[in-house]
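**Student:** Can you look at this prediction? I've put the sequence above it.
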Amino acid sequence: MYKTFTSYTMPFLTGTFTTSPFQKLVNLVNNVPSSPMHALHERPLLYMLQNESLHAIMMMFTMYVGKRAEKAARDMVDIFQETDKPLMVCWIAGSLAQDAYKILEQAGVPLFKTAGRCVRALRAQVKYSQFLRALT
């Protein structure tokens, strides 16, 4: 069954996917623009942070390197420090983003270098949370 976006979601998405016709086909969590905090990225991220039905955020980066990577890492640190939601970063760039990795690690942002590990970590976090709730 195909589900449409809710009336709550649509105001956040209106006008978001305007760069190319292809971007209109992409879903909320898969619209990665050419730069980390590009306007196209900020609106869906803001939506995810504000939406109470979303309980965790996984940011996935591939091949962000150099100064762009460092800026993205600093942006992720800011978001990590401002939100109560679990935030995990999956960054697939090998040794090319070492400086960005250091920024995240020093701030305590969970960083994974494969998508599988990131998803497994989130799963473990959910299970642990369920375990803690069962104790009370």
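**Tutor:** Yep, it's here. Numbering: from 1, shown residues only.

**Student:** Outline the domain layout of this protein.
**Tutor:** Domain ranges of the chain: 1-54, 56-136, per automatic domain parsing.

**Student:** pLDDT of the last one, averaged?
**Tutor:** Domain 56-136 shows a mean pLDDT of 90.

**Student:** first to last residue in it, what's the distance?
**Tutor:** 22 Å (Cα to Cα, to the nearest Å).

**Student:** Could you look up the next helix or strand downstream of the one helix or strand residue 68 maps to?
**Tutor:** Using DSSP states H and E, residue 68 sits in helix 66-82. In the C-terminal direction, the helix or strand that comes right after helix 66-82 (DSSP H and E) is strand 87-92.

**Student:** so what secondary structure elements neighbour the helix or strand just after that next one?
**Tutor:** Under the assignment DSSP H and E, the closest C-terminal helix or strand after strand 87-92 is helix 98-107. Packed against helix 98-107, as judged by 3 or more Cβ pairs under 8 Å, 6 or more residues apart in numbering; DSSP states H and E, are the following elements: helix 66-82, strand 87-92, strand 111-112. For every residue, glycine as well, the C-beta is placed using N, CA and C.

**Student:** before we move on, the earlier item: only alpha carbons, please: show the helix holding residue 68 as PDB.
**Tutor:** Extracted in PDB, the C-alpha atoms of helix 66-82 (Å, rounded to 0.1, in the frame of the first residue of the first chain):
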ATOM      1  CA  GLY A  66      38.400  18.200   3.000                       C
ATOM      2  CA  LYS A  67      37.000  21.500   4.200                       C
ATOM      3  CA  ARG A  68      33.400  20.400   3.200                       C
ATOM      4  CA  ALA A  69      33.800  17.400   5.400                       C
ATOM      5  CA  GLU A  70      35.000  19.400   8.400                       C
ATOM      6  CA  LYS A  71      32.000  21.800   8.000                       C
ATOM      7  CA  ALA A  72      29.600  18.900   7.800                       C
ATOM      8  CA  ALA A  73      31.200  17.400  11.000                       C
ATOM      9  CA  ARG A  74      30.900  20.700  12.900                       C
ATOM     10  CA  ASP A  75      27.200  21.000  11.700                       C
ATOM     11  CA  MET A  76      26.500  17.500  13.000                       C
ATOM     12  CA  VAL A  77      28.200  18.300  16.300                       C
ATOM     13  CA  ASP A  78      25.900  21.400  16.700                       C
ATOM     14  CA  ILE A  79      22.800  19.300  15.900                       C
ATOM     15  CA  PHE A  80      24.000  16.500  18.300                       C
ATOM     16  CA  GLN A  81      24.400  19.100  21.100                       C
ATOM     17  CA  GLU A  82      21.000  20.700  20.500                       C
END
